[in-house]
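Student: mind folding the following:
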Amino acid sequence: YQNEFWRLNAATNPPYTTTGINSASWATDVTHLVSVGDANLRQELSSETGASMVHRNTSPLDRIIRASLFEYLTESDQQALLTTSGAVVAADYALKDAIAAGVMVLDIPWNLGIIELGSDPATLPLGFSLIGWGCRRPYTIAGDSSFINCGVVIRVAAGASFPFYSTGRHVFRDIVFDGRDKTKYLFYSADTSTQFNGTRLEGCGIYRFAVGVGWSRYMGTVKAFFCSISGNADGVRNLIDSMMIACTINANDRGVALTGGANNNFFGGCRNEWNTGDNWYAFQSVENQISGELCDRAGRGGVVAAGQSSWIVTGVNVRRCGASQAVGGDYSANFIIIDDGKIILSGVRTGVGANDSGDGGTTSPSFNISVLGSGGGSLLVSGSDMSGFVTSAINQKATTLNKSITGNLGMDDDVNVGMTQVVKG
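Tutor: Numbers count the residues shown, from 1 in each chain. Presented below is the predicted three-dimensional model:
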């Protein structure tokens with residue numbers, strides 16, 4: 001009647017027979033009825049296909065809005081994240097449901113809680129993206145409390161080893177990832193040959209993992225921009241053909257570690273500082289470049305090229321490394337060459353000093369460059385300020401070193417390769 005469907009109201013017992021078919025009888029009958037048009041519409045709009053019923057201009061909403069993790073969470077889990085600071089919500093089920101529904105780009109709104117993943121891990125399809133609605137990235141981590149009110153936080157669940165199975169071509173944006181205890185992996189696959197190729201990290205924070213960016217094998221063609229990587233065992237490990245731009249890598253057990261063929265990586269404008277061990281370490285990995293920004297206060301070497309590895313360093317301020325080494329120790333150095341490693345420096349500035357915080361600490365480094373091991377290494381330095389040392393510019397313990405050192409402050413010209421050779425200027 002009146003282009004709507006009606007049903008008996010709660011006060012009327014069936015069966016009920018209407019009194020007529022005109023407006024006069026309707027005045028009586030309507031007291032026993034209730035419209036179901038509105039209820040049906042509300043139910044349809046709240047269904048999985050509801051967004052297809054509402055248009056903006058010529059397109060239904062389901063074509064122009066992205067899916068949200070919240071639409072797959074229970075109401076109680078949504079409320080916990082939205083209203084309770086530090087609330088922990090296990091969300092594997094929601095991530096799995098979103099993937100099962102064919103979602104490839106999943107948003108996570110800013111919230112007050114912690115999203116735990118990994119107890120029943122989902123497998124991210126190739127090309128799947130997780131997009132946070134902004135996050136606050138802590139500079140360093142003191143404990144679980146450091147993640148309160150960070151916006152979008154994903155933590156590996158207790159007893160789990162990783163948050164999800166990754167495949168490749170993923171995009172993670174504006175999310176804080178927490179590995180809980182430095183024994184977990186952010187990236188993991190049961191297939192040990194997986195390299196997660198083409199994955200992008202944008203504006204993410206990565207904390208308390210065994211490896212922040214990378215994993216126990218190799219990770220290829222990664223692009224990371226404006227990320228904070230802190231409090232991990234290795235901040236970055238074993239990338240291949242990858243690029244990191246404007247990232248901060250600090251207070252890890254080791255900053256960047258490239259070994260056994262982790263070649264051809266570029267680190268531009270990345271600040272690498274205050275790691276317990278080396279800031280930049282390479283072994284049997286070549287053609288890796290560091291351009292710009294700061295390498296500061298490594299516990300051991302600032303830039304280390306071990307056997308069959310090479311670093312190309314341009315426009316970087318390298319200072320105060322070897323902070324935890326004994327004064328005069330071989331590893332109290334801004335740069336370390338071991339065996340036949342190679343370091344090429346251009347436009348580099350070096351410095352010496354103790355801690356920032358006024359609590360003293362060892363004034364380091366003792367040496368700007370230490371050359372250790374069996375020999376055969378190479379050192380090329382030009383147009384740089386190499387005056388940042390306490391004891392001497394070079395500490396050469398290896399029997400041989402190929403040198404081309406010209407036009408620097410704090411170091412005499414010294415060239416023992418090529419047609420024209422120079423000793424002490």
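Student: CA atoms of the helix or strand of the chain with the lowest mean pLDDT as PDB?
Tutor: Of the helices and strands making up the chain, the lowest-confidence element is helix 37-45, at a mean of 72, by mean pLDDT, DSSP states H and E. Provided in PDB are the C-alpha atoms of helix 37-45 (Å, rounded to 0.1, in the frame of the first residue of the first chain):
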ATOM      1  CA  GLY A  37      10.600  -0.700   3.400                       C
ATOM      2  CA  ASP A  38      13.000   1.200   5.700                       C
ATOM      3  CA  ALA A  39      14.200  -1.800   7.500                       C
ATOM      4  CA  ASN A  40      14.800  -3.700   4.300                       C
ATOM      5  CA  LEU A  41      16.700  -0.800   2.900                       C
ATOM      6  CA  ARG A  42      18.900  -0.500   6.000                       C
ATOM      7  CA  GLN A  43      19.700  -4.200   5.900                       C
ATOM      8  CA  GLU A  44      20.600  -4.000   2.200                       C
ATOM      9  CA  LEU A  45      22.800  -0.900   2.700                       C
END
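Student: in what helix or strand does the most centrally placed residue in the chain lie?
Tutor: Of all residues in the chain, the one closest to the mean position by CA atoms, centre = their mean is residue 206, 4.4 Å from it. Following DSSP states H and E, the helix or strand that holds residue 206 is strand 205-207.
Student: just checking, next helix/strand downstream of that strand?
Tutor: For strand 205-207, the following helix or strand on the C-terminal side (DSSP H and E) is strand 211-213.
Student: quick one: list the elements packing against that following strand.
Tutor: Helices and strands touching strand 211-213, by 3 or more CB pairs under 8 Å, 6 or more residues apart in numbering; DSSP states H and E, are strand 234-237. For every residue, glycine as well, the C-beta is placed using N, CA and C.
Student: now do the strand it packs on: which elements does it pack against?
Tutor: On a contact count with 3+ CB pairs under 8 Å, 6+ apart, strand 234-237 meets strand 211-213, strand 248-250, strand 254-259.
Student: give me the sheet partners of the strand holding residue 206 and which way each runs.
Tutor: strand 176-178 (parallel), strand 228-230 (parallel) (DSSP bridges).
Student: secondary structure element for residue 161?
Tutor: Using DSSP H and E, residue 161 maps to neither a helix nor a strand.
Student: isn't it up against residue 185?
Tutor: Yes. Counting by CB atoms under 8 Å, residue 161 touches residue 185, with 6.6 Å between them.
Student: just the C-alphas of the helix or strand encompassing residue 81, formatted as CSV.
Tutor: Using DSSP H and E, the element containing residue 81 is helix 75-83. Output of helix 75-83 as CSV, limited to C-alpha atoms (Å, rounded to 0.1, in the frame of the first residue of the first chain):
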residue,chain,number,x,y,z
GLU,A,75,32.0,-4.3,16.5
SER,A,76,33.6,-5.0,19.8
ASP,A,77,37.1,-5.2,18.3
GLN,A,78,36.4,-1.9,16.4
GLN,A,79,35.3,-0.2,19.6
ALA,A,80,38.3,-1.5,21.5
LEU,A,81,40.7,0.0,18.9
LEU,A,82,38.8,3.3,18.6
THR,A,83,38.2,4.0,22.3
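Student: what lies in contact with that helix?
Tutor: Helix 75-83 has contacts (CB atoms under 8 Å, 6 or more residues apart in numbering) with 70, 73, 87, 89, 91, 94, 111, 112, 113, 115.
Student: out of those, which are inside helices?
Tutor: Among these, the residues falling in helices (DSSP state H) are residue 94.
Student: what two of the contacts of helix 75-83 have the greatest distance between them?
Tutor: Using CB to CB, those span at most 17.1 Å, a distance reached by 94 and 112.
Student: returning to that earlier point: name the residues that touch the strand holding residue 206?
Tutor: Identification of contacts with strand 205-207 by CB under 8 Å, 6+ apart yields 135, 137-138, 141, 146-147, 150, 175-179, 186, 212-213, 227-232.
Student: from the chain's centroid, how far away is the least confident helix or strand of the chain?
Tutor: 43 Å (CA atoms, centre = their mean, to the nearest Å).
Student: starting from that helix, tell me the next helix or strand along the chain.
Tutor: Sequence order places strand 55-56 as the next helix or strand after helix 37-45, per DSSP H and E.
Student: against residue 109, how distant is residue 176?
Tutor: In this view, residue 176 and residue 109 are 14 Å apart by CB to CB, to the nearest Å.
Student: whoops, residue 21 was the one
Tutor: From residue 21 to residue 109 the distance is 52 Å (CB to CB).
Student: ok, these two, which is more surrounded?
Tutor: residue 109 (15 against 10; other CB atoms under 10 Å).
Student: how many residues are close by the closest residue to that one other than its chain neighbours?
Tutor: Among residues not flanking residue 109 along the chain, residue 133 sits closest, at 4.9 Å (CB to CB, 6 or more residues apart in numbering). By other CB under 10 Å, the residues close to residue 133 number 15.
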